[in-house]
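Colleague: here's a sequence, model it:
(one chain, ligands or ions: 2)
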Amino acid sequence: MRELFGRPACLTDEPFLYCPGCSHGIAHRLVAEAIDRLGIRGRTVCVSSIGCSVRCWRNFDLDVVQGAHGRGLAVATGLKRAQPDKVIFTYQGDGDLAAIGMGETIHAAARGEAITVIFINNAVFGATGGQLAPTTLVGQVTSTYPGGRDPSWVGWPIRVAELLAQLPATAYIAREALTTPQRVLRARRAVQLAFEVQIKGQGFALVELLAACPPNLKLDPVQALNWVETKMIPHYPLGQLKPAKGAAR
Ligand SMILES: Cc1ncc(C[n+]2csc(CCOP(=O)(O)OP(=O)(O)O)c2C)c(N)n1
Ligand code: SF4
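Modeller: Ligands and ions are numbered 1, 2, ... in the order given. Now for the predicted structure:
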């Protein structure tokens, strides 16, 4: 019988260790499906970051190198330059990529390193208890700002995709959300395109995926998805911030 739905070859049978309603599992699946579809499993290396997805090496049936917190793109740069035939991707949360790792992020993008970045924006530092992140929304209550983010004190949330899209050496920058089946299908196309851009040698590609972290929002999984839809998407518009050359918009 023809199988209509199954586990991608790129995923092991280890269960995801994430909270109910966490978007990391969906993102892992999209990455695994893209690698399977492109037939690049044997030459793909993941650089995992520090955060809730720190143990993604258990779930990806790939070579995985653990970067120190925020240093994923420095590690990925070394790997890609030493072995340009490999497909290198980083998998990073917003605390990792946009706080401690912002320097690495901006400079890898400015250099146009031929790396694929999967950027999970859940608007908090998830793993460490829901502290304010650079992406936390104005007024959003976090464990470190119980009165809500006040821009006059801690600044405004950073739109990472827009920031990187204006750098001349970036090749493809997009933002999608993991909230509804339709949006997940759009995210699926964006993730695959981010790998295709690297395979074609076009340069730096990043897909930001708006994600839910229910326990740190103090919401149930459905409410958390609704929060991403109604609060995050208006601040972080979806779509291609920098379309890839030769790809459908
Ligand atoms: C150098 C260093 N500083 C701080 C930490 C503590 N730390 C571990 S995970 C984490 C936050 C990760 O948040 P994010 O990147 O948003 O990923 P999420 O857990 O939300 O998926 C922090 C601050 C660390 N491990 N190493
Ligand atoms: S704390 Fe948030 S990011 Fe971490 S596993 Fe739970 S839902 Fe996911």
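Colleague: where along the protein do the helices fall?
Modeller: 24-38, 72-82, 94-95, 102-111, 151-154, 160-165, 181-199, 214-217, 221-227, 233-235 (DSSP state H).
Colleague: for ligand 1, find the nearest of those helices.
Modeller: Of all the helices of the chain, helix 94-95 sits nearest to ligand 1, with 3.0 Å by CB to the nearest ligand atom. Backbone N, C-alpha and C define where each C-beta goes, glycine included.
Colleague: skipping its backbone neighbours, what lies nearest residue 162 in space?
Modeller: Once flanking residues are discounted, residue 162 sits nearest to residue 241: 5.9 Å by CB to CB, 6 or more residues apart in numbering.
Colleague: surely the one you found meets residue 176?
Modeller: No - between residue 241 and residue 176 there is no contact under CB atoms under 8 Å: 11.1 Å.
Colleague: OK, contacts around residue 26?
Modeller: Going by CB atoms under 8 Å, 6 or more residues apart in numbering, residue 26 touches 178, 184.
Colleague: shaky segments in the protein?
Modeller: Scanning the chain for pLDDT under 70 picks out 249.
Colleague: show me which residues of it sit near ligand 2.
Modeller: Within the chain, the positions lying close to ligand 2 (CB under 6 Å from any ligand atom) are 18, 19, 22, 24, 52, 122, 126, 127, 213, 214, 215, 216.
Colleague: out of these, who has the most neighbours?
Modeller: Among the residues of the chain next to ligand 2, residue 122 has the most neighbours (other CB atoms under 10 Å), with 30 neighbours.
Colleague: can stretch 173-188 be found next to ligand 1?
Modeller: No - for stretch 173-188, no contact with ligand 1 is found by CB under 6 Å from any ligand atom; the gap never falls below 12.7 Å.
Colleague: may I see the buried residues of that stretch?
Modeller: Judged by neighbour count (16 or more other CB atoms under 10 Å), stretch 173-188 contains these buried residues: 173, 174, 175, 176, 177, 178, 179, 183, 184, 186, 187, 188.
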